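> Kindly generate the corresponding structure for this input.
(2 chains)
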Amino acid sequence: MKITEKLALDAFKNDKETHILLDQKICQTCKERFCIYACPANLYSLNEKGEMVVEFAGCLECGTCMIACIYGSVKWKYPRSEYGVQYRFG
Amino acid sequence: MIIVGGGLAGLSCAYELADSGMTVLVLERGDFSGSKNVTGGRIYLRPILPYLPDIWKEAPLERHVTKEVFTAMGKTNSTTFEFYSDRFNQEPYPSYTILRAKFDRWFADLVTEKGGFVIPQKTVDDLIIEDGKVIGVKSGDEEIGADCVVAADGIFSFLAEKAGLRKPYQPQHFALGFKEVIQLDSKTIEDRFRLGEKEGAAQLFVGSLTKEMMGGGFLYTNKDNLSLGLVIGLHSLNRREPREEVYKLLDQFKERPEIKNLIRGGSVVEYSAHLITEGGIHIMPKLYTDGMLVVGDAAGLGLNMLVTVRGMEYAMVSGVLAARTIKKARERNDFSVSSLAEYEKLLNESFILKEMNTFKNTLPLLENERLFTKYPQVICDLFEKVMWVDENPKEGIYKTKMAELKKEFFNLQTFKDWLQFRKI
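Below you'll find the predicted structure:
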């Protein structure tokens, strides 16, 4: 089962604006890319320009990326009221 | 009173306050209580019963756990130890499997019945602080004042951070838990796990499944689904070579015959993730300040005791203790730091801080990667050799195996590991 298929099983209510901000200056100097390997939803990737991007819409709100990124690039907050993942089992 | 976060800690606090007639407002960021919460998981009732004796009769718990299963996994083999006890099968049952979206939602309704207000879809963004005293919270454009704020806002506790109560977090203090909920009918679950009606199993896995990283796997039987997942320490996840996306590990785990046959025919209905504190008492924030108390995950109250993982009991009981503190503070009409210090005293006297002190030395052991690689593999390989029969004459079991065990275990490294283990 693909990770995108798993995420499709979850109930999301997505905001237009992201709750995860990256500091591209920090990301450009990062070699390890902790976020790519640590995100359980596989939301981090490099775009064609070589910049780190995060697809916030499938965020499981675990906050792992914020802790795993020891360089402090990930500014993460809870989605605004009414938005984000809504677990039905938990 | 304002309680930020309608999870177990916040709701327990609200229940206790509402029960004694106080006005209490719970602000929950999800669509309903539990909609942002995840557990493995299983809740131990006995520690909570003296504090919250009356709520359990109708509680939507899943199965009471009668069977404890531990599996050491090698790369191509595994050894399982299974424990059953009549004591686990007598009321009041000591532990239950639980799904938080169901349980917390029900608990929030109970708080409402008692006269508390639980407001969903309300994310708190900031504290209102005046002259060093917390006097309310901000949510969007809205400001809400309170005599006392209870930060029950979960593992990151942005509120404790804003109040200057905690230090920045580090990867070694956290583990990532992620799981699938897999639907299976209850009869199939009971047959596959050899359980009586309503009985449950809790299975923990350690070894090759975490690819030399700190952590393990878990499987809990719910009423008509299974919670199957992994826990991986963030520090070892960051250090691991070769690099591999963590989510793939769960798929690989599910491909193992030991798991594949247990989940056969089941359909995945949800995928979720949450962080778990591993820092124990070492990363606990300061628990109170003028006008604010911190409870549950927000207060760092969670513990990995290796074979049992604790957190929900701490959440609920710390919520009740915070409520007791607030009730006394209300009598004095004094919510200053000296008045709220009572909370720490109550926590210290409770099982929570006693346990967190007893297990304060688990962190170095959890960072010992031999625990997650070498020892499970050695055990499995030993059994495999004992059980393997082929065309060659079989060697005496004791002689060869003792020699092997000596090689693997009677060395300085193992002795050091043993010394470390004795500290727990």
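> just to confirm, which helix or strand has residue B:167 in it?
Taking DSSP states H and E as the definition, residue B:167 sits outside all helices and strands.
> Which pLDDT does the model give it?
On pLDDT, residue B:167 comes in at 88.
> Tell me, how many residues neighbour it?
Neighbour count of residue B:167, defined by other CB atoms under 10 Å in any protein chain shown: 11. Where you see a C-beta, it was placed from the backbone N, CA and C, and this is true even at glycine.
> Kindly confirm my reading that residue A:53 is in a strand.
Yes. Counting by DSSP: H, G, I helix; E, B strand; the rest coil, residue A:53 is located in a strand.
> in chain A, what residue sits furthest out from the centroid?
Here chain A reaches farthest from its C-alpha mean at residue A:89, the gap being 21.4 Å by CA atoms, centre = their mean.
> contacting residues for residue B:5?
With contact taken as CB atoms under 8 Å, 6 or more residues apart in numbering or on different chains, residue B:5 is in contact with B:26, B:27, B:28, B:29, B:151, B:152, B:153, B:154, B:296, B:298.
> repeat that for 6 Å
Residue B:5 makes contact with B:152, B:153, B:154, according to CB atoms under 6 Å, 6 or more residues apart in numbering or on different chains.
> how about the helix ranked longest in chain B: buried residues?
When chain B is parsed with DSSP state H, its longest helix is helix B:312-332. Buried residues in helix B:312-332, counted by 16 or more other CB atoms under 10 Å in any protein chain shown: B:312-326, B:329-330.
> Could you do stretch A:30-43 as well?
Across stretch A:30-43, burial judged by 16+ other CB under 10 Å covers A:34, A:35, A:36, A:37, A:38, A:39, A:40, A:41, A:42, A:43.
> ok, which pair from these is furthest apart?
The most widely separated members of the buried residues of stretch A:30-43, counting by CB to CB, are A:34 and A:41 (14.9 Å).
> Read off the pLDDT value for the nearest residue to residue B:346 once chain neighbours are set aside.
Of all residues not flanking residue B:346 in the chain, residue B:321 sits nearest, at 4.3 Å (CB to CB, 6 or more residues apart in numbering or on different chains). Note on residue B:321: pLDDT of 98.
> Also the one 10 residues further on?
As predicted, residue B:331 sits at a pLDDT of 96.
> Residue 19: what's it in contact with?
Assuming you mean chain A. By CB under 6 Å, 6+ apart, the contact set of residue A:19 is A:77, A:79.
> sorry, should have said chain B
Taking CB under 6 Å, 6+ apart, we find residue B:19 in contact with residue B:114.
> Now it: phi and psi?
The phi/psi pair for residue B:19 (degrees, to the nearest 10) reads phi -60, psi -30.
> what does chain B have sitting close to chain A?
Residues of chain B lying close to chain A by CB under 6 Å from any CB of the partner chain are B:29, B:31, B:34-35, B:37-38, B:99-101, B:121-123, B:156, B:169, B:171, B:174, B:176, B:178, B:181, B:234, B:237-238, B:243, B:245-247, B:270-275.
> Return the residues of chain A in contact with chain B.
Residues of chain A lying close to chain B (CB under 6 Å from any CB) are A:3, A:6, A:9, A:34, A:37-38, A:40, A:42, A:60, A:62-64, A:67-68, A:78, A:81-82, A:86-90.
> what ranges do the helices span in the stretch 251-400 of chain B?
Ranges of helices in the stretch 251-400 of chain B, per DSSP state H, counting those that start in this stretch, are B:257-263, B:312-332, B:337-340, B:342-349, B:351-358, B:362-366, B:374-387, B:397-409.
> can you put these in CSV and add distance to residue B:13?
Formatted as CSV, these follow (distance: least, CB to CB, whole Å):
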stretch, distance to residue B:13
helix B:257-263, 37
helix B:312-332, 4
helix B:337-340, 13
helix B:342-349, 11
helix B:351-358, 14
helix B:362-366, 28
helix B:374-387, 40
helix B:397-409, 48
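> Deepest-packed of the ones you listed, please.
Comparing these by mean neighbour count (mean count of other CB atoms under 10 Å in any protein chain shown), helix B:312-332 ranks first with a mean of 23.
> For beta bridges, what are the partners of residue B:228?
Residue B:228 has the following beta-bridge partners by DSSP bridges: residue B:180, residue B:219.
> Is it in contact with residue B:221, as I believe?
No. Counting by CB atoms under 6 Å, residue B:228 does not reach residue B:221; the two are 10.1 Å apart.
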